[in-house]
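*Asks:* let's see this in three dimensions:
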Amino acid sequence: MSMNNSPNVFLDPSPNRFQVNVINESHDNNATPQEDADPPHYEETSFTEEAHGRHRISHRPGNRALYENFLQNGDTVKSDGNLHPYDTHSNTYYLKTFGHNTVDAVPNIDYYRNTGSISGAKMNRPSLLEIHEQLAKNIAVNPGSIERVTNGDGTPGDEATANKEEESKGGFVKFGWVKGVLVRCMLNIWGVMLFIRLSWIVGQAGIGLGVVIILLATTVTSITGLSTSAIATNGFVRGGGAYYLISRSLGPEFGGSIGLIFAFANAVAVAMYVVGFAETVVELLKSSGALMVDESNDIRIIGSITVVVLLGISMAGMEWEAKAQVILLVILLIAIANFFIGTVIPTSNEKKARGFFNYQASIFAENFGPDFRGEGFFSVFAIFFPAATGILAGANISGDLEDPQAAIPKGTMLAILITTVAYLGVAICVAACVVRDATGNINDTVVSGMNCNGSSACTLGYDFSSCKAQECHYGLMNNFQVMSMVSGFGPLITAGIFSATLSSALASLVSAPKVFQALCKDNIYKALHFFAKGHGKNNEPLRGYVLTFIIAMAFILIAELNTIAPIISNFFLASYALINFSCFHASYAKSPGWRPAFKYYNMWVSLFGAMLCCGVMFVINWWAALITYAIELFLYIYVTYKKPEVNWGSSAQALYYVNALDSALELTAVEDHVKNFRPQCIVLTGGPMTRPALLDITHSFTKNNGLCICCQVYTGPRKLCVKEMNSGMAKKQAWLTKNKRKAFYAAVAADSFRDGVKSLLQASGLGRMRPNTLVLGFKTDWRDASAVQIENYMGVIHDAFDFELGVVIVRISQGFDISQVLQVQEELEKLEQERLALEATIQDNEFEEESHGIRGLFGKARKFNITKHVTKKDSSINTIQSMHVGEFNQRLLEASNQFKKKQGKGTIDVWWLFDDGGLTLLIPYILTMRKKWKDCKLRIFTGGKINRIEDEKLAMTSLLSKFRIKYADIKIIGNINMKPNKESWKFFEEMIEPYRLHESCKDLTTAEKLKRETPWKITDAELEAFKEKSYRQVRLNELLQEHSRAANLLVLSLPVARKGVVSDHLYMAWLEILSKNLPPILLVRGNHKNVLTFYSK
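*Replies:* Next comes the predicted model:
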């Protein structure tokens, strides 16, 4: 099919934000008959309904490169080969998603990258707001805006840019699964144990139990390998090996603790392997009579030289280190092959005298069973197990692998398989060729007529029976150099020992700094951040190499490795245990984010592996296991206490959620009981930092006891409110967490304050964890507020009662809102930051001046002038600060912190005037249980008849004793209903005067008109109807002034205003006169359902 690039092919010729062109992608204008035989591949279809717009766009195979140009606004733009952000295909630009006029982007891996990803720059998809909101203006897409449309700002993150620049230098050396994982794991697993101890192990345990020991150790490492593979394939793996896997699965607490000891274990392991190499060299020197000083000091000298050489190889770069590893592996493989070849080479009389007879069925049968001499199964297993470790050598350099997700599982599991087969093969072969005891004397042959008693050596012509009476020096049980004797060429086994020790030392020398660098980069231990810096194209941790070198050198010089070795083995085992537990925990948490590509694992097998590792730790050395656990516990507690600011989506977080959800559901199935009632509060704090005192007093009786939700209502233009609300949610919840307030933050955007609170009252909470009490501050500015604001405030109280919530109104003398003070503090902090930045600049300038030879002589004068300038700036800041303190009243800040302080000895006066179910009494009781309020005693005040004061007191005493509430005193007030004094009443009348209608003084028409215009005003009829109640509020204030002026806190029954009967301003006047000129006061009204009981069921 063909199309002409003429103007009539445009779907919409008028310019719009995304101008859509139907693109001619046919390279041939003339249709040929062959097209019928080779049908086009339809890859994109326009969704436009117009008939002329129904174009099918095709690509011919092999000609896709011809379609890289497209026409837009008369300009031809050639593709640069990059993926278009809205393209569904890899090689062709399409201005729209599927040719449709939309900003929506198709799925693209770049949207899911982390900032700073080295595999590609992170791109930002169009936000929901950009798609959902109306377009502000028409913008045509042009080639230069493609990146901006997709990425939001046109530039990737700074870190990503830096990584791309670094990568473009030709820098990164990345390894595949063979050189990066398989080779390293095989070299680290095959240690000196293979050449000098495996024969002794099979001699002690026999072939049968020897195989069991090898398979048991392999079981531990195989399960750990499966768990490692599962974790490594559950997302992109960066550098850090075992630390990275554990920390990202279980969180920084476990990761930080195990990462430090794992890095240390690898550093000390360098010393262990180097000393093993040095001991072998010293043995050769000793046999040649060429010792330099003595055996101990020669080991130190050779070990020190070896570590320096290995450090040089490591610091030369990973590429050189990898080449050295390959060379060492080749030597090791030749040495192992040399052993197997030696077992089939006919033996000599000298070797027979030392117990080697080639493959013999009688020797196999004799050596099949165990013959423990001073050892047991578990002690022999403990000696062998370190030979199976080293499976994390590949994972430890995960940051240097091309594809860690594919390389780690494949390389690790194959290395375990190959090394296990090698261990089994060597163990079985050596036990089938060599007897347990031999004298080494070629003259110890069998005398004719001698009874062999089933001895295989005897049947083969040698009498080694003397070994039962005296110690022999040859055979599996006595000679550690059996493999050298059996091999075809002995020196190759020595070369194999050199290769095994040096390769393991080199792998540990690389692993320790890599793991330590990853740990330091995460800044879990802030004091160690110095070691996070990398150098060169591969980001080599040179500082970590130096530290590892120092640790290794120290332990080589100390030369007490026999003591430290069990602890190091346990450190590795602790890492294996946590990797297995990480796999189990992630599976058990059932997080949707747990989707490992490696499927050959089982959560219960991983848990069994973790328990097995813990058991093996005690088998190897019980005291070393206890030391390991103690160190790990200490580091875990330290990291938990420090609470590093990281969020890696660990399985612990997922399990917290699952447990919380299960608990909430279980709680929903449990019916409420009065004994379990606790205040669960919605607190109208606005931003929690703006009214800290209101939050603090509420937190005092909800902390560790009930739900507390700090709520904020945004009113105004909806778009702005929603944007502000969404941007502040995380910040305000973080403020609560930072200030150790056990509360939640919730916000709503609404047309009015009342509507917002109504939404919160109805929808807040979850299941049984729903608010039952509304806490709000007293509206101190009610006399200056508009009628609508008062109506909203009163409406909130009415709504709370409608929804059967209790209400607590809190008043303090200075008020709660400190937002203006916070604003001043922010300005002062900015000034302080500017001052610090200026000082830093000055110091840099001084350093540069002093570093320019004689020009540094003039530095003193400049320094003096600049210092004078800084001093002036300091004084100006102090002046500003003192000015603002005077302006905003220091007492306001003190009042906002008054509930944070420990309350001294005093009283909490409870005026329980009306029975509301007991909330008025329960809240102050809970307060006395708190550390800050425990020195305050409860005093109970209640009303009664003058002629029955003693009876009322006895009744209240009986009730409180049944409630088991301790109190200091009970007072019955018998004169509550007396008229207040004239001054107090006059003050009340003056207060409400601006809000009175005075309709009785006006004619009927005028009065009706005023009622319509100002329906919120207090009518004369209303004032007369509630005169007694008004008297009571004024009188109560007089009584409160008389009895409770010195109390630390007042708790008073809140009067209730009938809806539609008591006007808003009259009720506010009641609250004002009731709480005026008093200590902090809580006006409390429960929902008239019991919250206290004296029954036990």
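*Asks:* mind listing what's buried along stretch 615-622?
*Replies:* 616, 617, 618, 619, 620, 621 (16 or more other CB atoms under 10 Å). No exception for glycine: its C-beta is placed from N, CA and C like everyone else's.
*Asks:* rebuild those as a markdown table, extending it with distance to residue 890, secondary structure and pLDDT.
*Replies:* Below are those laid out as a markdown table (distance: CB to CB, whole Å; DSSP: H, G, I helix; E, B strand; the rest coil; pLDDT from 0 to 100):
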| residue | distance to residue 890 | secondary structure | pLDDT |
| --- | --- | --- | --- |
| 616 | 64 | helix | 89 |
| 617 | 60 | helix | 89 |
| 618 | 62 | helix | 90 |
| 619 | 67 | helix | 87 |
| 620 | 64 | helix | 85 |
| 621 | 63 | coil | 85 |
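*Asks:* which strands and helices sit next to the helix or strand residue 206 falls within?
*Replies:* For residue 206, the host element (DSSP states H and E) is helix 198-232. Under the contact criterion of 3 or more CB pairs under 8 Å, 6 or more residues apart in numbering; DSSP states H and E, helix 198-232 touches helix 241-250, helix 361-368, helix 377-384, helix 404-433, helix 482-486, helix 561-589, helix 603-620.
*Asks:* measure the closest residue to residue 281 other than its chain neighbours to residue 287 for me?
*Replies:* Ranked by CB to CB, 6 or more residues apart in numbering and with sequence neighbours excluded, the top spatial neighbour of residue 281 is residue 302, at 5.3 Å. Here residue 302 is placed at a distance of 15 Å from residue 287 (CB to CB, to the nearest Å).
*Asks:* the two: which is more packed in?
*Replies:* Neighbours were counted for residue 302 and for residue 287 using other CB atoms under 10 Å; residue 302 has more, 21 against 8.
*Asks:* that one: helix or strand, and which one exactly?
*Replies:* helix 295-315.
*Asks:* send over that helix as CSV, restricted to the C-alpha atoms.
*Replies:* The C-alpha coordinates for helix 295-315 follow below in CSV (Å, rounded to 0.1, in the frame of the first residue of the first chain):
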residue,chain,number,x,y,z
GLU,A,295,59.5,-21.1,62.1
SER,A,296,57.1,-18.5,63.8
ASN,A,297,58.9,-15.4,62.5
ASP,A,298,59.4,-16.9,59.1
ILE,A,299,55.6,-17.4,58.9
ARG,A,300,55.2,-13.7,59.8
ILE,A,301,57.7,-12.5,57.3
ILE,A,302,56.4,-14.6,54.4
GLY,A,303,52.8,-13.8,55.3
SER,A,304,53.5,-10.1,55.4
ILE,A,305,55.2,-10.2,52.0
THR,A,306,52.3,-12.2,50.5
VAL,A,307,49.6,-9.8,51.8
VAL,A,308,51.5,-6.9,50.2
VAL,A,309,51.7,-8.6,46.9
LEU,A,310,48.0,-9.6,47.0
LEU,A,311,47.1,-6.0,48.0
GLY,A,312,49.0,-4.8,44.9
ILE,A,313,47.0,-7.2,42.6
SER,A,314,43.7,-6.1,44.2
MET,A,315,44.4,-2.4,44.0
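*Asks:* which stretches in this structure count as strands?
*Replies:* Applying DSSP state E to the chain gives strands spanning 41-45, 56-59, 69-72, 75-78, 681-683, 708-715, 744-750, 773-777, 806-811, 906-911, 936-943, 969-973, 1049-1053, 1081-1085.
*Asks:* does residue 245 really touch residue 232, like I thought?
*Replies:* Yes - the pair residue 245 / residue 232 is scored as a contact, 6.5 Å apart, by CB atoms under 8 Å.
*Asks:* list residues touching both of these two?
*Replies:* residue 395 (CB atoms under 8 Å, 6 or more residues apart in numbering).
*Asks:* how about the spatially most central residue of the chain: what's its closest non-neighbour residue?
*Replies:* Centroid-nearest residue in the chain, with CA atoms, centre = their mean: residue 647, separated by 3.1 Å. Take residue 647 and drop its neighbours on the chain: the residue closest to it by CB to CB, 6+ apart is residue 653, 8.0 Å away.
*Asks:* I'd like to know how far that neighbour sits from residue 579.
*Replies:* Distance, residue 653 to residue 579, by CB to CB: 19 Å.
*Asks:* compare neighbour counts for these two and give me the winner.
*Replies:* The neighbour comparison of residue 653 against residue 579 (other CB under 10 Å) goes to residue 579, with 32 against 15.
*Asks:* mean confidence (pLDDT) on stretch 906-916, please.
*Replies:* Taken as a whole, stretch 906-916 has a mean pLDDT of 93.
*Asks:* quick one: the helix holding residue 206 to helix 603-620, angle?
*Replies:* Between helix 198-232 and helix 603-620, the angle comes out at 140 degrees (axes from the mean of the first three to the mean of the last three CA atoms, to 10 degrees).
*Asks:* pull out the buried positions in helix 198-232.
*Replies:* Quick answer for helix 198-232 (16+ other CB under 10 Å): 198-207, 209-211, 213-214, 216-232.
*Asks:* phi, psi for the closest residue to residue 904 other than its chain neighbours please.
*Replies:* For residue 904, the nearest residue in space outside its immediate sequence neighbours is residue 935; the separation is 6.2 Å by CB to CB, 6+ apart. For residue 935, the backbone dihedrals (degrees, to the nearest 10) come out as phi -80, psi 0.
*Asks:* please work out how many residues are found near residue 935.
*Replies:* For residue 935, the count of nearby residues is 13 (other CB under 10 Å).
*Asks:* pLDDT score assigned to the residue nearest to the centre of the chain?
*Replies:* Looking at residue 647, the pLDDT reads 76.
*Asks:* picking up where we left off before, out of the strands of the chain, nearest to residue 726?
*Replies:* Proximity to residue 726 (CB to CB) singles out strand 744-750 among the strands of the chain, at 8.8 Å.
*Asks:* who touches stretch 897-910?
*Replies:* Under CB under 8 Å, 6+ apart, the answer for stretch 897-910 is 692-693, 696-697, 700, 812, 920-921, 924, 927-928, 931-933, 935-941, 968, 1043-1044, 1046-1051, 1080.
*Asks:* among those, which ones are buried?
*Replies:* 692-693, 696-697, 700, 812, 920-921, 924, 927-928, 933, 936-941, 1043-1044, 1047-1051, 1080.
*Asks:* could you report the neighbour count for residue 836?
*Replies:* 10.
*Asks:* can you tell me how far it is from residue 829?
*Replies:* Taking CB to CB, one finds residue 836 at 10 Å from residue 829.
*Asks:* sorry, back to before: relative to residue 390, which of the strands of the chain is closest?
*Replies:* strand 744-750 (48.2 Å).
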